[in-house]
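1. From the sequence below, what's the structure:
(chains A, B and C)
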Amino acid sequence: MLNNKSKIMTSGNLAFAEAMRQINPDVVAAYPITPSTEIPVKFAEFVADGKVDSEYIAVESEHSAITACVGASVAGGRVMTASSANGVALMHEIFPIASAFRAPIVFGLVNRSLGAPVNIHCDHSDSMPERDSGWIQIYCEDAQEVYDSVLLAVRLAEHKDVLTPVFVCQDGFITSHCYEPVEFLSDEAVRNFVGERTPQLPLLDVDNPVSYGSFTMSEYYFEIKRNQMEGMNNVLRVYGEISKELAVQTGREYQPIDSYRAEDADYLIIIMSSAAGVVKDVVDEMRENGIKAGCLRIRFFRPFPRDELVKIAAGKRGIAVLDRSASIGGTAPLASEVKSALYDLTDHVPVQEYIFGLGGRDFYPADAEKVFRTMIHSDYSSNVRYIGLLDKDDKNGQN
Amino acid sequence: MSKPQTWQDVPPGTVAWGASALSVETGLWRSMRPVFDYDRCISCLKCWVQCPDMSVKTDDSGRVCDINLFFCKGCGVCASICPVGAISMCPEADFTDESAEHGENPGDVGAHVK
Amino acid sequence: MGKINLKELTKKQNPMTEGHRMCPGCGAPTAVRQALMAIDDPVVVVGATGCLEVSTTVYPYSAWRVPFMHVAFENAGAGISGIETAYRVLKKRGKTEKNIKFIAFGGDGGTYDIGLQSLSGALERGHDFTYICYNNQGYMNTGAQRSSATPINANATTSPAGAYMSGKLQRAKNLTEIVAAHNIPYVAQTTLHDPVDLISKVKRAVETPGPAFVNVLVPCPLFWKIKPCDQVKVCKLAADTRFWPVYEVIEGKYVLSYKPLKNLPIEDFLSVQGRYSHLFRKGSERMDLIAQAQADIDTEWRKLLQKTENYTC
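-> Model (predicted):
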């Protein structure tokens, strides 16, 4: 099973599509939107060339895409799709329904900013509003991780203790379109790893009819939702098992938090997705200059790996959380989760909130270095700071 | 059936079991009851086919033979369309001396509400 | 297409059960049970949000003897597309052998208005399913708000008859024609005036490969303000006044199913319903609106006849 791997130069979108080809799902219902368009387009090519025998539904909107996915999944099929930005926003109504139905859909969310204004570049404002939807959220740093995560996501979503749909997120254009070497398993290895889906209470089991989506009064609703939540509560345990299993074949095992030189660090930057690559380079530089810097790249945003974070963060001299989206009028999503997780620490660790990279604004090594230096100077503010923002009040060009 | 279950026991995925409504006694809504004159009935089956609640019972040879009082809501469509006037609507109060097996009350939502 | 024999049908179990919570005398369950009566294969049903869906699935009770899914209000078309597609794949891959039929039910709200896009997409893509609209001409489940199916002059709570306005100011949309323009193999429009007509139309729709659509006018006694027992009578008036023509479009060919023997005036249909009572109020009668409504009906009827007369039946 270890043989027949191939390594090719490809992009995050194409790696996702290739994983889809190897998985050969039952149904894909998708609608194009930049920068995820390549995924349904590539898959449609596979269908047309007979490289998969899946059915592809060219739906007329993202709302219909996710609905058709829910229908197909509840019917008993293995279902995958992809979208971004306002397409994801249009699907918003249906996401909680999909997770309540325990439909194990695997979704390629290629992160792009939500309008307005219209912008096609990367930030996390499309996936963050879905953090309450009951879907698992995995954020990938690079195309290799995207590929590996899709395989893991299928097994994770369909596991009987989880039965929860998964967003496999990647940064729009940065990861989705840039080329890097990606190692692929053989088709057979993927087939063996993902196996067949054994659906729970499928609609097509006409001998055992069930009704999904009833009108449910207050006397029943709460228990049904709590029952659903248990699937999410089981994710990290199940993920650990699946991840070890795949690591045997790939040699790569991804933890819920990607901890880079963080165990003995004094100062941490907590960040997600591709921008972590920049931080890791800066961490290495700072280490060479005798500063104990470290990086935590949060991979699982939902469920949030609170216990893992507390273990690593305890005792640190300073933490900076860099969010690639804002929660206007409140605390940005990642900062909110981090601060909430660290609240019970007996020894308070100062946390500085940052917002960066909105609308695809580039994030440079100098930005990361400045964040570390600011912590080293014990310069904290209870207000959020912005990286790379043109600000009239800012004398030195950066806040 | 209507008693709420603990979160550990509820069926997964919001699922309700098929045909579980058969235990709901919609007949409790009735204020008028259809009464059949079987001598007049020509078994045209108009009442059977137009009943919104499938409460006109037929026998093995397809003849109208009874009203399903467990479900009949007393809407009166059957009486209204019978071409030979074999059905009349009578006040439900005339029949209060009956005893019958009761089902789930459609007005109940959860036993623990009380 | 076998002839419908009601006596034979009494022996069959209906996919919808008793014990649903729709109002006494509601036309929707009548339409649904008649529609499903003549289907021999197992069915899977999708319901858009609305009276039918809510009242047949009051948790934990379900009045569906068959698999049923409700997702949301505007997407019955997309939901059934997903299920039907999964079925085709799973059948191709040998995971199921049964012959299953796919039916979507939507009210006029979930079909004419918010659900129009997803219906159109499902029709255009050619999925093998039947969509049945139970049309009570308003958003009845939330208290009779107007839909684009609400007829002109009808009172609805978002187009009320008040001191300055006489109810809905716009004519109802002709959705059956919009669907027919999708060039699907079978389209039909009917009501509860003749069960054999409805049953045979749905039977034909289900047996026709590809998408099929049936628009069934059903009264809502509560909001049309009629007596529940008059459900069928009002439907007969709808057909006899040509307010609701009963016809089919078979592979693009228009076929009239019911030609009233006497053309009753529209007043006969309007005057028995409380939702039009403002037109007949003593001292402020709106004969002008009634006359306009009659003229509209005559025009639409003529247009329909012309479509049928172009072909020999």
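2. which residues in the stretch 101-250 of chain C form strands?
-> Secondary structure of the stretch 101-250 of chain C (DSSP state E, counting those that start in this stretch): strands at C:101-107, C:130-135, C:186-191, C:212-217, C:247-250.
3. And the helices in chain B, which stretches?
-> With helices called from DSSP state H, chain B shows them at B:46-50, B:77-81.
4. Of these, which is nearest chain A?
-> helix B:46-50 (23.9 Å; Cβ to the nearest Cβ). Any C-beta I mention is one placed from the backbone N, CA and C, and that applies to glycine too.
5. re the thing from before, would CSV of the helices of chain B with mean pLDDT, mean neighbour count and distance to A:Ser273 be doable?
-> Formatted as CSV, the helices of chain B follow (pLDDT from 0 to 100; neighbours: other Cβ atoms under 10 Å in any protein chain shown; distance: least, Cβ to Cβ, whole Å):
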stretch, mean pLDDT, mean neighbour count, distance to A:Ser273
helix B:46-50, 97, 22, 62
helix B:77-81, 97, 23, 62
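6. With distance to chain C added, can I get those in JSON lines?
-> Putting these into JSON lines (distance: least, Cβ to the nearest Cβ, whole Å) gives the following:
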{"stretch": "helix B:46-50", "distance to chain C": "4"}
{"stretch": "helix B:77-81", "distance to chain C": "4"}
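7. what separates stretch A:117-135 from the chain centre, distance-wise?
-> 11 Å (Cα atoms, centre = their mean, to the nearest Å).
8. low-confidence ranges in the chain?
-> The chain I'm using is chain A. Within chain A, the stretches with pLDDT under 70 are A:1-3, A:395-399.
9. oops, I was thinking of chain C
-> C:1-2, C:310-313.
10. ok, 50 please
-> Applying pLDDT under 50 to chain C flags residues C:1, C:311-313.
11. for it, what's the longest helix?
-> Assigned via DSSP H, chain C shows its longest helix as helix C:287-309.
12. Report the distance from that one to the chain centre.
-> With Cα atoms, centre = their mean, you get 20 Å for helix C:287-309.
13. separation between the residue sitting nearest the centre point of chain B and B:Trp29?
-> In chain B, the C-alpha nearest the mean C-alpha coordinate belongs to B:Phe71, at 1.0 Å (Cα atoms, centre = their mean). The gap separating B:Phe71 from B:Trp29 is 10 Å, by Cβ to Cβ, to the nearest Å.
14. give me the number of residues near the residue of the stretch 101-250 of chain C found nearest chain A?
-> As assessed by Cβ to the nearest Cβ, chain A sits closest to C:Gly121 within the stretch 101-250 of chain C, at 3.5 Å. Residues lying near C:Gly121 (other Cβ atoms under 10 Å in any protein chain shown) number 22.
15. and if you look at the one 4 residues further on?
-> The local packing of C:Arg125 (other Cβ under 10 Å) involves 19 other residues.
16. which ones are touching it?
-> Contact partners of C:Arg125, counting by Cβ atoms under 8 Å, 6 or more residues apart in numbering or on different chains, are A:Ile57, A:Ala58, A:Val59, C:Ser81.
17. Most neighbours among the residues you listed, which one is it?
-> C:Ser81 (34 neighbours).
18. Can you classify the residue in the stretch 1-150 of chain A that chain C sits nearest to by secondary structure?
-> The stretch 1-150 of chain A approaches chain C most closely through A:Gly71 (2.7 Å), counting by Cβ to the nearest Cβ. Following DSSP: H, G, I helix; E, B strand; the rest coil, A:Gly71 is assigned to helix.
19. residues touching it, list them.
-> Counting by Cβ under 8 Å, 6+ apart, A:Gly71 has contacts C:Val46, C:Met69, C:Val71, C:Ala78, C:Gly79, C:Ile80, C:Ser81, C:Gly82, C:Ile83, C:Thr85, C:Ala86.
20. if I look at it, how far off is chain B?
-> Using Cβ to the nearest Cβ, to the nearest Å, one gets 14 Å for the distance from A:Gly71 to chain B.
21. burial measure for residue 52, as a count.
-> All of this is about chain A. Residues near A:Val52, counting by other Cβ under 10 Å: 19.
22. meant chain B actually
-> For B:Pro52, the count of nearby residues is 27 (other Cβ under 10 Å).
23. Local confidence estimate at it?
-> Here the pLDDT value assigned to B:Pro52 is 97.
24. about what we covered before: if I pick the residue nearest to the centre of chain B, what's in contact with it?
-> B:Glu25, B:Thr26, B:Gly27, B:Asp53, B:Met54, B:Ser55, C:Glu18, C:Gly19.
25. thinking again about what came up before, just put the strands of the stretch 101-250 of chain C in CSV and tack on mean neighbour count and distance to A:Met232.
-> Formatted as CSV, these follow (neighbours: other Cβ atoms under 10 Å in any protein chain shown; distance: least, Cβ to Cβ, whole Å):
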stretch, mean neighbour count, distance to A:Met232
strand C:101-107, 28, 31
strand C:130-135, 28, 35
strand C:186-191, 27, 45
strand C:212-217, 26, 40
strand C:247-250, 21, 49
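26. Tabulate those in JSON lines, adding columns for distance to A:Ala247.
-> Output for those, formatted as JSON lines (distance: least, Cβ to Cβ, whole Å):
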{"stretch": "strand C:101-107", "distance to A:Ala247": "42"}
{"stretch": "strand C:130-135", "distance to A:Ala247": "48"}
{"stretch": "strand C:186-191", "distance to A:Ala247": "55"}
{"stretch": "strand C:212-217", "distance to A:Ala247": "51"}
{"stretch": "strand C:247-250", "distance to A:Ala247": "60"}
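27. Tabulate those strands in TSV, adding columns for distance to chain B.
-> As requested, the strands of the stretch 101-250 of chain C are exported to TSV (distance: least, Cβ to the nearest Cβ, whole Å):
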stretch	distance to chain B
strand C:101-107	15
strand C:130-135	12
strand C:186-191	12
strand C:212-217	13
strand C:247-250	20
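28. if you look at the contacts of A:Gly71, which of them are in strands?
-> Judged by DSSP state E, the contacts of A:Gly71 include C:Val46, C:Met69 as members of strands.
29. Doesn't A:Glu308 belong to a helix?
-> Yes - counting by three-state DSSP, A:Glu308 is part of a helix.
30. That one against A:Asp258, yeah?
-> No - in this structure, A:Glu308 is not within contact of A:Asp258 by Cβ atoms under 8 Å, at 10.7 Å.
31. Show the contacting residues for B:Pro52.
-> If you count contacts by Cβ under 8 Å, 6+ apart, then B:Pro52 has B:73, B:75, B:77, C:22, C:24-30, C:33, C:231 around it.
32. Return the member of the residues you listed nearest to A:Lys339.
-> C:Met22 (50.9 Å; Cβ to Cβ).
33. Could you list which residues are in contact with the residue nearest to that closest one when sequence neighbours are not counted?
-> Leaving aside its sequence neighbours, C:Met22 sits nearest to C:Ser55 (Cβ to Cβ, 6 or more residues apart in numbering or on different chains; 4.4 Å). Residues counted as contacts of C:Ser55 (Cβ under 8 Å, 6+ apart) are C:His20, C:Arg21, C:Met22, C:Ala63.
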